[in-house]
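A.B. asks: Build me a structure from this.
(one chain, ligands or ions: 1)
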Amino acid sequence: MEENPTWIPVVALALRDASARVLLQQRLPHKHHGGLWEFPGGKVESAENPRFALVREIAEELGIRIETTKLSPLFLADEAGVEAGPAGVVLLLYTCREWRGAIAGRDGQQWGWFTLDEAAGLPLAPMDGDLLSRLKILDAVAGQ
Ligand SMILES: Nc1nc2c([nH]c(=O)n2[C@@H]2O[C@H](COP(=O)(O)OP(=O)(O)OP(=O)(O)O)[C@@H](O)[C@H]2O)c(=O)[nH]1
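C.D. replies: Predicted coordinates for the structure are as follows:
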């Protein structure tokens with residue numbers, strides 16, 4: 001095993017609508033995990049604040065504005081938990097219920113609102129599946 005491996009921070013958003021559905025998008029076919037569904041987001045750039053990285057990624061991918069102050073951190077997933085691989089991706093999930101603007105798949109990706117049960121029936125990227133399982137537990141505890 002590498003002695004001091006590096007990591008790749010990735011931020012993701014569980015955007016919830018008034019019915020507590022969650023927004024998921026489908027990864028484009030040519031990408032890693034192409035065709036699988038994920039929480040929108042992306043890589044944090046070097047030394048970038050993760051909340052600001054998420055605001056940037058969400059504007060780029062969905063054309064909407066979210067506020068750093070309206071984000072709540074939830075939990076993380078890492079590759080060791082779900083898939084073997086050297087890349088060291090760590091996915092940090094935030095949630096938010098407010099946004100401004102009309103949602104659009106700016107990269108041409110499919111997206112939709114799903115109940116957590118519907119989301120669990122989709123083919124999900126591995127770490128997103130892990131995060132969704134935790135979100136279901138959190139909602140159950142919160143009585144949603
Ligand atoms: N959402 C998600 N990303 C994952 C998983 N596993 C994994 O290696 N990744 C990697 O985490 C990164 C997510 O960042 P991204 O969404 O900006 O990546 P991307 O493919 O659009 O852009 P890229 O071309 O810069 O890699 C990608 O490199 C993706 O391949 C996973 O289970 N879920």
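
A.B. asks: And for the lengthiest helix in the chain, what's in contact with it?
C.D. replies: The single longest helix within the chain, with elements called by DSSP state H, is helix 126-142. Defining contact as Cβ atoms under 8 Å, 6 or more residues apart in numbering, one finds that helix 126-142 is touched by 12, 14, 20, 22, 24, 33, 36-39, 74-75, 77-79, 81-83, 89, 91, 93, 116, 119-120, 124. Where you see a C-beta, it was placed from the backbone N, CA and C, and this is true even at glycine.

A.B. asks: at 7 Å instead, please
C.D. replies: 14, 37-39, 75, 77, 81-83, 91, 93, 116, 119-120, 124 (Cβ atoms under 7 Å, 6 or more residues apart in numbering).

A.B. asks: Can you get me a residue count around the residue lying closest to D17 once chain neighbours are set aside?
C.D. replies: With Cβ to Cβ, 6 or more residues apart in numbering as the criterion, D17 has its nearest non-adjacent residue at 5.6 Å, and that residue is W113. As a burial measure, W113 scores 16 neighbours (other Cβ atoms under 10 Å).

A.B. asks: any idea how far W113 lies from the ligand?
C.D. replies: From W113 across to the ligand, the span is 18 Å (Cβ to the nearest ligand atom, to the nearest Å).
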